[in-house]
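Q: need coordinates for the following:
(one chain, ligands or ions: 1)
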Amino acid sequence: MIHAVTPALRLQPTPDERARQTFVSQLRAHLLDPLAATMKARFQAEVAPSLPAGAGPREVHEAMRGHPVFRLYSAARVTAQDMVWAAVRPMVERGQVELARRFHELATRRPAGGTLRLDSDLRLPDNVTAVDVHRMPGNYHLDRGADDLAAGALYENGLAVFAAGLMGETLDDIGRSVTCWLKRRHPEFAPAVVLDLGCAVGHQTLPWKLAYPEARVMGLDVAAAGLRYAHARAEAIGVELHFLQADARRVPLPDGSVDLVFSAMFLHELPVADVRAVFAEAFRLLRPGGLMLHYELPPNRLLDAYDGFYLDWDNDYNSEPFYRAYRDLDPLAETQAAGFAAPFEASIPSLGWHGEAAVAEAARAQGAEASDRLGRLSQGIHWYVFGGWR
Ligand SMILES: C[S@@+](CC[C@H](N)C(=O)[O-])C[C@H]1O[C@@H](n2cnc3c(N)ncnc32)[C@H](O)[C@@H]1O
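A: Predicted structure coming up:
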């Protein structure tokens with residue numbers, strides 16, 4: 001049973017659709033835990049002994065490419081990915097009129113007092129228009145008019161199936177874990193203005209307002225239909241958030257007007273030049289003493305060759321063309337090059353999975369702990385964050 005969709009925006013699956021969604025979730029859980037563990041064991045027993053010393057993720061990929069267990073894993077994962085969207089798409093298409101009605105009602109009444117500012121003249125970046133990222137039909141930006149929420153609904157409902165419970169009951173475990181960690185690590189830091197870049201439907205934006213109720217919390221994205229959904233979602237939940245359609249490389253806010261620039265699962269969907277442009281823009285936006293903080297995939301430096309290969313799978317088979325080049329970067333060096341002081345990184349245990357005491361313990365530790373749980377959407381996940389101070 002799939003629970004992780006905002007109740008006020010929940011669409012009604014048919015019994016067949018409900019069964020299909022549950023099946024796809026369980027299939028993904030099987031692929032990402034027991035089958036992935038079998039693949040690693042077969043690699044260690046059958047492939048690793050003949051790899052040259054110093055082999056990296058690319059060499060592991062070459063060596064594994066023809067192995068039957070990798071072919072099974074890959075074919076099953078590609079199929080499961082397409083099944084994620086197929087399992088929710090008919091429900092989203094059918095529910096469009098009802099979603100538009102709920103959007104109008106919530107956006108007119110604005111019970112939480114949040115806002116939505118769209119820019120119909122915005123030029124969408126090529127990384128969004130040129131590819132259906134993670135094989136999501138229509139990608140983030142499909143927009144069929146002023147009351148279209150379908151891309152947002154497809155994303156939230158698809159993510160609920162995809163995450164198989166590992167991103168928390170409300171799909172915001174990253175935001176909850178990171179805010180919990182930051183409050184313990186830097187209790188003196190009280191941001192008055194928070195900006196979440198590439199916020200999609202605002203899953204990880206919302207926990208910032210819960211953690212810092214006095215702050216003005218904003219979510220920014222280029223995709224209008226996702227932002228309409230984000231606005232309706234926040235208003236339905238009753239949390240005041242402010243959403244803005246803009247490009248993270250050119251944010252229409254003044255210099256030094258933000259205390260915390262955050263993003264989650266955003267940078268690996270950008271070309272390297274855009275990652276650097278986003279860091280430069282974050283530096284401009286932050287006031288002195290402000291913080292840039294990103295949740296992302298861990299860099300290769302923190303993983304062994306096999307785990308690097310395992311994460312890079314999405315680059316080659318899941319329509320994530322910037323994944324590998326992003327993971328080859330050193331986030332700390334990039335943060336420093338953008339002008340930030342005291343770059344840092346950390347691995348934060350999932351709050352939902354490991355509990356608050358484990359997050360508090362991580363807040364006392366230095367650096368990121370190398371682990372095959374880092375950034376891997378399977379049981380016991382640890383989230384990788386990095387950042388720097390302005
Ligand atoms: C993987 S999603 C982010 C998910 C979201 N942060 C969350 O935690 O659910 C990536 C998002 O980045 C947005 N995006 C891509 N390029 C962008 C850019 N240059 N500026 C702003 N948003 C962008 C996409 O529209 C998409 O919503």
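
Q: from residue 134, how far out is the residue nearest the centre of the chain?
A: Taking Cα atoms, centre = their mean, the centroid of the chain lies closest to residue 265, which sits 3.1 Å from it. Look at residue 265 and residue 134: by Cβ to Cβ, to the nearest Å, they are 10 Å apart. Every residue, glycine included, has its C-beta placed from N, CA and C.

Q: tell me what the residue of the stretch 251-390 of the chain found nearest the ligand is bridged to.
A: Per Cβ to the nearest ligand atom, residue 264 is where the stretch 251-390 of the chain lies closest to the ligand, at 3.8 Å. Note on residue 264: beta-bridge partners residue 295, judged by DSSP bridges.

Q: my read: it touches residue 173, true?
A: No. Residue 264 is not in contact with residue 173 according to Cβ atoms under 8 Å; the separation is 10.4 Å.

Q: near the ligand, which residues of this protein?
A: Counting by Cβ under 6 Å from any ligand atom, the residues of the chain close to the ligand are 125, 127-128, 140, 198-200, 203-204, 221-223, 226, 247-249, 264-266, 269.

Q: distance of the residue in the chain that the ligand sits nearest to from residue 43?
A: The chain approaches the ligand most closely through residue 198 (3.0 Å), counting by Cβ to the nearest ligand atom. Here residue 198 is placed at a distance of 33 Å from residue 43 (Cβ to Cβ).

Q: so for the helix-or-strand element of the chain with minimal mean pLDDT, what gets flagged as buried?
A: Least confident helix or strand, the chain: helix 126-129 with a mean of 92, by mean pLDDT, DSSP states H and E. Neighbour-count burial for helix 126-129 flags 127-128 (criterion: 16 or more other Cβ atoms under 10 Å).

Q: beyond that helix, next helix or strand please.
A: helix 150-163 (DSSP states H and E).

Q: any idea of the mean pLDDT in that next one?
A: Average pLDDT, helix 150-163: 94.

Q: name the helices or strands packed onto that helix?
A: helix 15-30, helix 68-94, helix 96-109, helix 224-237 (3 or more Cβ pairs under 8 Å, 6 or more residues apart in numbering; DSSP states H and E).

Q: direction included, what does the next helix or strand after the last one pair against?
A: Read it as helix 224-237. Note on helix 224-237: by DSSP H and E, the next helix or strand toward the C-terminus is strand 242-245. Note on strand 242-245: by DSSP bridges, its sheet partners are strand 115-117 (parallel), strand 216-221 (parallel).

Q: could you single out the most deeply buried of these?
A: Greatest average neighbour count among these goes to strand 216-221 (a mean of 25), per mean count of other Cβ atoms under 10 Å.

Q: could I get the contacting residues of the nearest residue to residue 142 once chain neighbours are set aside?
A: Nearest non-adjacent residue to residue 142, counting by Cβ to Cβ, 6 or more residues apart in numbering: residue 151, 4.8 Å away. Residues counted as contacts of residue 151 (Cβ atoms under 8 Å, 6 or more residues apart in numbering) are 138-143, 223, 225-226, 229.

Q: now do the strands in the stretch 201-350 of the chain.
A: 216-221, 242-245, 258-264, 286-296, 341-349 (DSSP state E, counting those that start in this stretch).

Q: including mean pLDDT, could the ones you listed go into JSON lines?
A: Shown next, in JSON lines, are these (pLDDT from 0 to 100):
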{"stretch": "strand 216-221", "mean pLDDT": "98"}
{"stretch": "strand 242-245", "mean pLDDT": "98"}
{"stretch": "strand 258-264", "mean pLDDT": "98"}
{"stretch": "strand 286-296", "mean pLDDT": "98"}
{"stretch": "strand 341-349", "mean pLDDT": "95"}
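
Q: distance of residue 239 from residue 371?
A: 33 Å.

Q: between those two, who's got more neighbours?
A: residue 239 (20 against 17; other Cβ atoms under 10 Å).

Q: distance check, that one against residue 215.
A: For residue 239, the distance to residue 215 - Cβ to Cβ - is 12 Å.

Q: overlap of the contact sets of those two?
A: residue 209.

Q: number of nearby residues for the closest residue to residue 139 other than its chain neighbours?
A: Spatial nearest neighbour of residue 139, chain neighbours left out: residue 132 (4.7 Å); criterion: Cβ to Cβ, 6+ apart. Counted with other Cβ under 10 Å, residues neighbouring residue 132 total 14.
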